[in-house]
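Sharing a sequence plus its predicted fold:
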Amino acid sequence: MSIADNIDEIKANLPAKVQLVAVSKTKPAELLMEAYRHGQRTFGENKVQEMVWKQDELPKDIEWHFIGHLQTNKVKYIAPFVNLIHGVDSFKLLKTIDSEARKENRIIPCLLQFYIAEEETKFGFSIAEATEMLKSESFLLLRNVKISGVMGMSTYTNDEAQVRKEFAHLKAIFEKLKWEYFVESDNFKEISMGMSGDYQIAIEEGSTMVRIGSTIFGDRN
């Protein structure tokens, strides 16, 4: 099947309110262009250097989402153009994004990444760390970031019940933060969860944004 067919098949299973982020990391520009020509406009990358050169080469109406673990010293390279940063996993990183966005005279939308998996390899806030940050004076001083929701990655397992439990946990975190800190904010509405192997479960558990790579582009290079 072609990339266009793959996108059609995925979109046929996506509710209207769920956004498809085509995870294009490691893929050459011509494959992204195949997806682009079929109407896909949102792409996710996890390496800063790769995202910068692709943004330079490809059409300017693409929305670039940074979906990997972002190091503070690399924020400045994507601050001029990034549309959403999915993986904000520390207050230090959020403050750096705010500072670099200010230099670019931009407000950068961000998702708070939560640690929901039973694996040591994942990054993210605990609910205690996030609430401590959101209550702090210094958080209230940030002017150039916009918290748009939450993100999480499930354990890499075939145990559907466990994956479902982890996604339900992220949805519960979203609801708690929405009610306690963002009840007045229309921006706080995204739950980024679900990838090629588990996105259908994620949608059932309330995902608004799925990050799909191999199902669109084939296995990673």
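Noted; the coordinates are in hand.

got the contact list for the residue positioned nearest the centre of the chain?
With distances taken as CA atoms, centre = their mean, His86 lies nearest the centre of the chain, 3.0 Å away. Counting by CB atoms under 8 Å, 6 or more residues apart in numbering, His86 makes contact with 44, 65-67, 111, 113, 151, 192, 211. C-beta: built from backbone N, CA, C; applies to glycine.

Now with 6 Å, please.
67, 111, 151, 192 (CB atoms under 6 Å, 6 or more residues apart in numbering).

again with Val52
Tyr77.

measure it to Pro80 for me?
Distance of Val52 to Pro80, computed by CB to CB, to the nearest Å: 9 Å.

how far is the strand or helix carrying Lys171 from where the chain is centred?
For Lys171, the host element (DSSP states H and E) is helix 160-181. Helix 160-181 has its C-alpha centroid displaced from the chain centroid by 16 Å (CA atoms, centre = their mean, to the nearest Å).

Check what contacts it and list those residues.
For helix 160-181, contacts defined as CB under 6 Å, 6+ apart pick out 114, 116, 127, 134, 150, 152, 154-155, 188, 191, 193, 198, 201-202, 205-206.

With adjacent residues omitted, what lies nearest to Phe217?
Lys27 (5.1 Å; CB to CB, 6 or more residues apart in numbering).

pLDDT score assigned to that neighbour?
Per-residue confidence (pLDDT) for Lys27: 92.

What is the burial count for it?
Using other CB atoms under 10 Å, Lys27 has 23 neighbouring residues.

Just to check, it is in contact with Ile216?
No: between Lys27 and Ile216 there is no contact under CB atoms under 6 Å: 9.0 Å.

What are the buried residues along stretch 180-193?
181-182, 188, 190-193 (16 or more other CB atoms under 10 Å).
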